[in-house]
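K.L.:
Let's see this in three dimensions:
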Amino acid sequence: MPVWSGNKFNQVREIENGYIKMKARGISLLASKNWTDNGNIDYDAHPEYESREYWENANFTLFVYCPFNVKLGGASKGLGAMTFPDFYPAENSEDGRLWSFLSRPGVHLIKKSHPNPKKSVYFKGFIDRSNKIDEQGESSTFTIGRDQATCETVLPFNWAVELSKNNVDCIEVVIGDVAAEVVDCVEDDIVDPVVEVDSVEDD
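P.N.:
Numbers count the residues shown, from 1 in each chain. Reported below is the predicted structural model:
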């Protein structure tokens, strides 16, 4: 892994000149055996992936990738950041595009009260961007609503909780250049995401 969730599974909820409010999708691997491309998920080594109880209690790392430099925004240039209140901030890449977050206690990928454990959960986030149009990158074309291009999230995996900055940069090199060959920059290869689609729920 990782398994990229695809940016259209997420949703831009509000656009301001200096930041974007986003609803980011998370989903467990509970139903992943039914996905089209799951070849790099090692079920023999990780039988817990098929356990609802595991996902109801597991801590996880959320990765969010945006096609622009988030750090160009903020109260002062260079101080821009992503904020997801359900998570502790962790690492980010040098060019401000890829950010990682650690789940807070009680934040899991399956809600114990939910009757359908295979449904997605969503997390609210605030993503800074520059006030200058020429520094906003692809975010200048973002629009509010479903099935629109936005930032992308990574599905859960079993890497160490603390990700080194070198690995963050390595992942970014792979997804930032669509023409580049996928390289084995960490323990496992990157998997192209083809997963079951479910709709973004309203607040």
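K.L.:
which residues in this protein form strands?
P.N.:
Using DSSP state E, the strands of the chain run over 11-15, 19-26, 61-65, 82-83, 87-92, 98-103, 121-128, 152-153.
K.L.:
Tell me which stretches of the chain form helices.
P.N.:
Along the chain, counting by DSSP state H, helices occupy 52-57, 165-176.
K.L.:
ok, of those helices, where does mean pLDDT dip lowest?
P.N.:
Among the helices of the chain, helix 165-176 carries the lowest mean pLDDT, at a mean of 42.
K.L.:
How much space separates Thr36 from Thr83?
P.N.:
The spacing between Thr36 and Thr83, counted by Cβ to Cβ, to the nearest Å, is 33 Å. For glycine as for every other residue, the C-beta is placed from the backbone atoms N, C-alpha and C.
K.L.:
of these two, who's got more company?
P.N.:
Between Thr36 and Thr83, counted using other Cβ atoms under 10 Å, the more crowded position is Thr83 (14 against 10).
K.L.:
Next, the contact list for the closest residue to the more buried one other than its chain neighbours, please.
P.N.:
Among residues not flanking Thr83 along the chain, Phe126 sits closest, at 4.6 Å (Cβ to Cβ, 6 or more residues apart in numbering). Remark: with contacts taken as Cβ atoms under 8 Å, 6 or more residues apart in numbering, Phe126 is in contact with Tyr19, Ile20, Lys21, Met22, Met82, Thr83, Phe84.
K.L.:
so Trp55 makes contact with Leu30?
P.N.:
Yes - counting by Cβ atoms under 8 Å, Leu30 is a contact partner of Trp55 at 5.8 Å.
K.L.:
The two: which is more packed in?
P.N.:
Neighbour totals were compared for Trp55 and Leu30, and Trp55 leads with 22 against 19 (other Cβ under 10 Å).
K.L.:
which of the contacts of Phe126 tops the neighbour count?
P.N.:
Using other Cβ under 10 Å as the neighbour test, the contacts of Phe126 are led by Met82, with 27 neighbours.
K.L.:
what sits against that residue?
P.N.:
Val64, Cys66, Val70, Pro89, Asn92, Trp99, Phe101, Gly125, Phe126, Ile127, Asp128.
K.L.:
repeat that with 7 Å
P.N.:
Neighbour list for Met82: Val64, Val70, Trp99, Gly125, Ile127 [criterion: Cβ atoms under 7 Å, 6 or more residues apart in numbering].
K.L.:
who does the fourth one bridge with?
P.N.:
Think Gly125. Met22 (DSSP bridges).
K.L.:
That one contacts Thr83, correct?
P.N.:
Yes - Gly125 is within contact range of Thr83, at 6.4 Å (criterion: Cβ atoms under 7 Å).
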